[in-house]
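Visitor: Okay, sequence plus prediction incoming.
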Amino acid sequence: MFNTILELTKYRLSLSVIFSSVAGYLIAIDYFSIETFLLLFFGGFFLVGASNGFNQIIERERDSIMDRTKNRPIPLGKISPRSAFIICLIMILSGIVLLYLINFRTAFFGLISALIYLFLYTPLKTRTPLCVFFGAISGAIPFMLGWVAATNKFGIEPGVLFMIQFFWQFPHFWAIGWLSDDDYKKAGFKMLPTGKKDKSTAFQIVFYTIWTILVSLIPLSGFSGLLTISYISGLLIFLAGIFMLSKSINLMLYMNNLNALRLKYASIFYLTFIQIIFVLDKFII
């Protein structure tokens, strides 16, 4: 049963999201609080995991159609929708309470992220490619959430962290959408900006990749409050960005799944790498 619950929460994805929150927390702190760290980690995991679970409950019929999701616990009958709902309800309430114990703003933004994911992104997936815009908002909040947890403030610094992960979502989402386009269409999902794997979609992927790089370098400018990085870190982030951009351009040039897959992994590398660089810059460089 425990393994089924982990599958319901999409625990690998949930942990990657929490990694962003932890990075945001470490970037912001003046001193490390194990209590705040644990509340952020477990509160965030419960909230994200519950959101993933509710998503699977809502989309259970469509999940059973798609190859990439047909082995999820609800389509396989490992857990009933009712039991999944009860578990996710307990988790989301627990997550909100744990985040509230940090401060109100952390709980508020965490809840907003979950609500946007469930009530805007999820239902819009079958109606319009604009669902990705709302998904990007929800997916960008965790990075800034760590800063808010550490400072109990929302200003330019968490705003920049939000923008970095917001713009990053588009090439990442669309690379996955490109790879799973046929599967998504079977379930009626509209994920790519033009609805198909064409030059316009590929160009938009390149466009948002460039914006991701530019926004990631804002802390180098000195116009982002307490969120700053050194020139060494800026250079490393720029080089990582060029690597990701090259994969985006290759997708536009060759228009195939192989380059979409390479972009997917390059985007995952980029976000993880720059978050580590931000943390290392604060404590080492």
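Guide: The structure has been received and is ready for your questions.
Visitor: centroid residue for the protein?
Guide: Note on the chain: the residue nearest the mean C-alpha position is residue 139, at 3.6 Å, using C-alpha atoms, centre = their mean.
Visitor: low-confidence ranges in the stretch 151-285 of the chain?
Guide: 285 (pLDDT under 70).
Visitor: Surely residue 45 touches residue 16?
Guide: No - with contact defined as C-beta atoms under 8 Å, residue 45 does not count as touching residue 16 (10.9 Å). Every residue, glycine included, has its C-beta placed from N, CA and C.
Visitor: More neighbours: the two, which one.
Guide: residue 45 (21 against 15; other C-beta atoms under 10 Å).
Visitor: Can you report how many residues lie near residue 12?
Guide: By the criterion of other C-beta under 10 Å, residue 12 has 10 neighbours.
Visitor: What of residue 76?
Guide: Counted with other C-beta under 10 Å, residue 76 comes out at 13.
Visitor: Excluding residues flanking it in the chain, which one is nearest the residue nearest to the centre of the chain?
Guide: residue 169 (5.0 Å; C-beta to C-beta, 6 or more residues apart in numbering).
Visitor: before we move on, what about residue 281?
Guide: residue 233 (4.2 Å).
Visitor: what's around the one you found, how many residues?
Guide: For residue 233, using other C-beta under 10 Å, the count is 21.
Visitor: Now it: which helix or strand?
Guide: Following DSSP states H and E, one finds residue 233 within helix 231-254.
Visitor: Only alpha carbons, please: show that helix as PDB.
Guide: Extracted as PDB, the C-alpha positions of helix 231-254 are listed here (Å, rounded to 0.1, in the frame of the first residue of the first chain):
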ATOM      1  CA  TYR A 231      30.700  36.700 -12.200                       C
ATOM      2  CA  ILE A 232      32.000  33.100 -12.000                       C
ATOM      3  CA  SER A 233      28.500  31.800 -11.200                       C
ATOM      4  CA  GLY A 234      27.100  34.000 -13.900                       C
ATOM      5  CA  LEU A 235      29.500  32.500 -16.500                       C
ATOM      6  CA  LEU A 236      28.600  29.000 -15.400                       C
ATOM      7  CA  ILE A 237      24.900  29.700 -15.700                       C
ATOM      8  CA  PHE A 238      25.400  31.300 -19.100                       C
ATOM      9  CA  LEU A 239      27.400  28.300 -20.400                       C
ATOM     10  CA  ALA A 240      24.700  25.900 -19.100                       C
ATOM     11  CA  GLY A 241      22.100  28.100 -20.800                       C
ATOM     12  CA  ILE A 242      24.000  27.900 -24.100                       C
ATOM     13  CA  PHE A 243      24.000  24.100 -23.800                       C
ATOM     14  CA  MET A 244      20.300  24.100 -23.300                       C
ATOM     15  CA  LEU A 245      19.800  26.600 -26.100                       C
ATOM     16  CA  SER A 246      21.800  24.400 -28.500                       C
ATOM     17  CA  LYS A 247      19.400  21.500 -27.800                       C
ATOM     18  CA  SER A 248      16.400  23.800 -28.500                       C
ATOM     19  CA  ILE A 249      17.900  25.000 -31.800                       C
ATOM     20  CA  ASN A 250      18.700  21.400 -32.800                       C
ATOM     21  CA  LEU A 251      15.000  20.600 -32.200                       C
ATOM     22  CA  MET A 252      14.000  23.500 -34.500                       C
ATOM     23  CA  LEU A 253      16.500  22.400 -37.100                       C
ATOM     24  CA  TYR A 254      15.800  18.700 -37.200                       C
END
